[in-house]
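Student: I need the structure of the sequence given here:
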Amino acid sequence: MDINDYKLEKSEKITLLFLSWRDIKAPKKGGAEVYTHEMLKRINFDKYRIIHFSPSFQGGKEIENIDNITYIRSGNAFSVIGDARKYYKANEENINFVVDQCNTHRFFTKFWVEAKKRIFFIHQLTREIWFMNAKFPVSAIGYITETPFLKLSKNDYTMTVSESTKKDLIKIGFNIDKVRILPEGIEFTHWKKEEFKEKEECPTFIYVGRFVNYKGIDACVLAFAQIKKEYPKAKLYIVGKKNESYIERNLKPIFKEGNITYGGEGDNKDVTLFGFVSEERKLELMSKSHALIFPSQREGWGLIVTEAAAVGTPSIVYNSPGIVDAVDYGNAGYLCEENNVQNIYTNMKAVIEDKKDYEKHIESAYEYSLKFHWDETAKSFDKFIDDII
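Tutor: Predicted coordinates:
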């Protein structure tokens, strides 16, 4: 790209340059990209000017405006770092802050942005997930270098999304006075209680998310296999874009050993693999289920847990960073004492057998979810900038 084509004009507005490895239209966008866009599109654009810089992708425009945010795309995951630096240096006098969004990928702004302009933004540390999602030696390199790379930003103003991640950052030397939690949010309006869907007649559990090792879909199915022995009519819904290799490698052996039938929507099997569904359909399926199962090893925030609670469904979760925050440390959901299949199964039984306690969980999860909306996230971001400017 020719940097001169995108010269920033002087403005009275506070100008922020967001740097990320993906944006809201990237094919592999995830929760972090959704968070950034949903927060930024709600801020006061009479006060702020936002530029978002990330790698190019097939079919993506080099520059476009989405919800008053200017998206610039250049290079690949590696060359984008140099391109972002060139863009910043060409417009340095007209940029107030540079936000380095860390999602394993870094822009290393410590080496080319002055300290007073640097903001570090991280949802979660990766830690043990390196060994679950990457092969050796990449896993080992990622694990070993994560902490020293993070320490490059320990004195920067820092944004994160949960108390769990804040604690992790402080442990490795981040300045507690510079780390601010900006809460997660949901885009849709919390359902009124009378809008909750009627629960399925048979015990029904649901997983919603990506097919990756650290999310724990295999643990869901293993626990369901145990429940199935006691409650033959029980059902498990799995919602999310299918990964056929994951299903073949991780799930089919469990289906076979547990004598569990599986199929697509309408097949009336023990396990229904829905694949990708619309937002409306996702909320409907969650509301009709008795509980969401989300045994992830680590998250910035378990947003799907908050979404399920907002439509009247409590969650069974692992005691993991970012997940415990979403269930208020067990006050707004079923928190496993230990992160294993047996504890998931125990909580599934509690959902089925202790009706009175189950109703309390529905209520507490719903009430806790009311605290989280992107409008509040945007307000928190605005206050954060006011405090550091």
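
Student: From here on, just use CA atoms for contacts and neighbour counts.
Tutor: Will do.

Student: since we're on residue 195, how many residues are nearby?
Tutor: 11 (other C-alpha atoms under 10 Å).

Student: What of the one 5 residues further on?
Tutor: Neighbourhood size, residue 200 [other C-alpha under 10 Å]: 15.

Student: cool, and residue 152?
Tutor: Neighbour tally, residue 152, other C-alpha under 10 Å: 15.

Student: Can you give me every residue that contacts it?
Tutor: Counting by C-alpha atoms under 8 Å, 6 or more residues apart in numbering, residue 152 makes contact with 108, 110.

Student: for it, phi and psi?
Tutor: When read as degrees, to the nearest 10, the backbone of residue 152 gives phi -60, psi -30.

Student: Can you tell me the SS state at the closest residue in space to residue 373 that isn't next to it in sequence?
Tutor: Closest residue to residue 373 apart from its sequence neighbours, by C-alpha to C-alpha, 6 or more residues apart in numbering: residue 185 at 3.8 Å. What DSSP: H, G, I helix; E, B strand; the rest coil gives for residue 185 is coil.

Student: hey, where'd the helices end up in this structure?
Tutor: Secondary structure of the chain (DSSP state H): helices at 31-40, 79-91, 129-133, 138-151, 163-171, 217-230, 244-246, 252-257, 279-288, 303-310, 323-326, 341-353, 355-369, 374-388.

Student: quick check: angle from the fifth one to helix 138-151?
Tutor: Put plainly, it is helix 163-171. Between helix 163-171 and helix 138-151, the angle comes out at 70 degrees (axes from the mean of the first three to the mean of the last three C-alpha atoms, to 10 degrees).

Student: what is the mean pLDDT for helix 163-171?
Tutor: Mean pLDDT, computed over helix 163-171, is 95.

Student: okay, now the residue nearest to residue 107 when sequence neighbours are not counted: neighbour count?
Tutor: The shortest distance from residue 107 to any non-neighbouring residue, by C-alpha to C-alpha, 6+ apart, is to residue 81 (5.5 Å). Using other C-alpha under 10 Å, residue 81 has 24 other residues around it.

Student: next one: residue 111
Tutor: Residues lying near residue 111 (other C-alpha under 10 Å) number 10.

Student: which stretches of the stretch 1-150 of the chain have low pLDDT?
Tutor: Flagging of the stretch 1-150 of the chain using pLDDT under 70 yields the residue ranges 1, 3-4, 129-134.

Student: If residue 119 is in a bridge, with which residues?
Tutor: When assigned by DSSP bridges, residue 119 has beta-bridge partners residue 99, residue 157.

Student: Report the contact partners of it.
Tutor: 97, 98, 99, 100, 156, 157, 158, 159.

Student: Could you rerun that using 7 Å?
Tutor: 97, 98, 99, 100, 156, 157, 158 (C-alpha atoms under 7 Å, 6 or more residues apart in numbering).

Student: you'd agree the first one is up against residue 115?
Tutor: No. Using C-alpha atoms under 7 Å, residue 97 and residue 115 do not qualify as a contacting pair, with a distance of 9.7 Å.

Student: So which of these two has more stuff around it?
Tutor: Using other C-alpha under 10 Å as the criterion, residue 97 and residue 115 rank with residue 97 on top: 21 against 16.

Student: can you tell me how far residue 310 sits from residue 195?
Tutor: 11 Å (C-alpha to C-alpha, to the nearest Å).

Student: Kindly report the same for residue 221.
Tutor: From residue 221 to residue 195 the distance is 29 Å (C-alpha to C-alpha).

Student: Need phi/psi at residue 302.
Tutor: According to degrees, to the nearest 10, residue 302 has phi -80, psi 80.

Student: what's near enough to touch the spatially closest residue to it that is not a sequence neighbour?
Tutor: The spatial neighbour of residue 302 that comes closest, neighbours along the chain excluded (C-alpha to C-alpha, 6+ apart), is residue 323 at 5.0 Å. If you count contacts by C-alpha under 7 Å, 6+ apart, residue 323 has them with 298, 299, 301, 302, 317.

Student: is it possible to export the residues you listed to TSV including distance to residue 70 and pLDDT?
Tutor: As requested, those are exported to TSV (distance: C-alpha to C-alpha, whole Å; pLDDT from 0 to 100):
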residue	distance to residue 70	pLDDT
298	31	86
299	28	89
301	26	91
302	28	90
317	37	98
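
Student: What subset of these is buried?
Tutor: 298, 299, 301, 302, 317 (16 or more other C-alpha atoms under 10 Å).

Student: Strands - which of those residues land there?
Tutor: Among these, the members found in strands (DSSP state E) are residue 317.

Student: Can you add distance to residue 241 and give the buried ones among the contacts of residue 323 back as JSON lines?
Tutor: What follows is the buried ones among the contacts of residue 323, written out as JSON lines (distance: C-alpha to C-alpha, whole Å):
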{"residue": "298", "distance to residue 241": "20"}
{"residue": "299", "distance to residue 241": "19"}
{"residue": "301", "distance to residue 241": "20"}
{"residue": "302", "distance to residue 241": "18"}
{"residue": "317", "distance to residue 241": "21"}
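
Student: Many thanks, we can stop here.
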